[in-house]
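Enquirer: Build the 3D model from these lines:
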Amino acid sequence: MTADDVLSVLALMRRAEVGVWIGGGWGIDALLGEQTREHRDLDLMHPEDREDDVVRALNGVGFVESLNWRPVRFVVAASDGREIDLHPLTFAADGSALQASLDAERPFVYPATCFVTGMIGDTSVPCLSAEQQVYFHQGYEPTDRDRHDMAQLRRAFGIATHGSVR
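Expert: Numbers count the residues shown, from 1 in each chain. Take a look at the predicted model:
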């Protein structure tokens, strides 16, 4: 998934009038304002009540569902191998949100302050905060990509992550 691909997907979501936020590796690179590694996919958070609009827009440009782990997440893929990992969020009146998890008693919490902006190239993009990125990278054995991403957050923001002694 290239930077141009990400910006095209974001433009598609704007045309569909659906707010989305970038998470995962592209979200971290957006916070950093530079691409630090290649990305196999794009993680997008979207309002659960707009899921039909998201799917319809992505279907219109050739993405089809390839994995269904609803209500936690689902994946759409294009024939050329590009993938988008979609995470449905249920928003509260205060701007915070919840995402279902595999443990129904412990949903993922998104404070209103975690919805920030970053940069991909010269374009401002909606993404998740560094603190929210760290929150999602806990509780499992990190991959090499995860270690790389967390090292970038430590370097840029001086925050504690797994793999750090802070």
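Enquirer: So for residue 143, what's the pLDDT?
Expert: Here, the pLDDT recorded for residue 143 equals 89.
Enquirer: Now do it against residue 161, distance only.
Expert: 14 Å (C-beta to C-beta, to the nearest Å). Just so you know, the C-beta spots here come from the backbone N, C-alpha and C atoms, and that holds for glycine as well.
Enquirer: repeat for residue 55
Expert: On the measure of C-beta to C-beta, residue 55 and residue 161 end up 33 Å apart.
Enquirer: now do residue 50
Expert: In terms of C-beta to C-beta, residue 50 sits 31 Å off from residue 161.
Enquirer: Just want to know which of those two has more residues nearby.
Expert: Legend: neighbour count by other C-beta atoms under 10 Å for residue 50 and residue 161, higher for residue 161 (21 against 18).
Enquirer: The nearest residue to the more buried one once chain neighbours are set aside: how many residues sit nearby?
Expert: In this structure, residue 161 finds its nearest non-sequential neighbour in residue 150, 3.8 Å apart by C-beta to C-beta, 6 or more residues apart in numbering. Neighbour count of residue 150, defined by other C-beta under 10 Å: 22.
Enquirer: just checking, what packs against the host helix or strand of residue 150?
Expert: In this structure, residue 150 is located in helix 144-157 according to DSSP states H and E. If you count contacts as 3 or more C-beta pairs under 8 Å, 6 or more residues apart in numbering; DSSP states H and E, helix 144-157 packs onto helix 24-32, helix 130-136.
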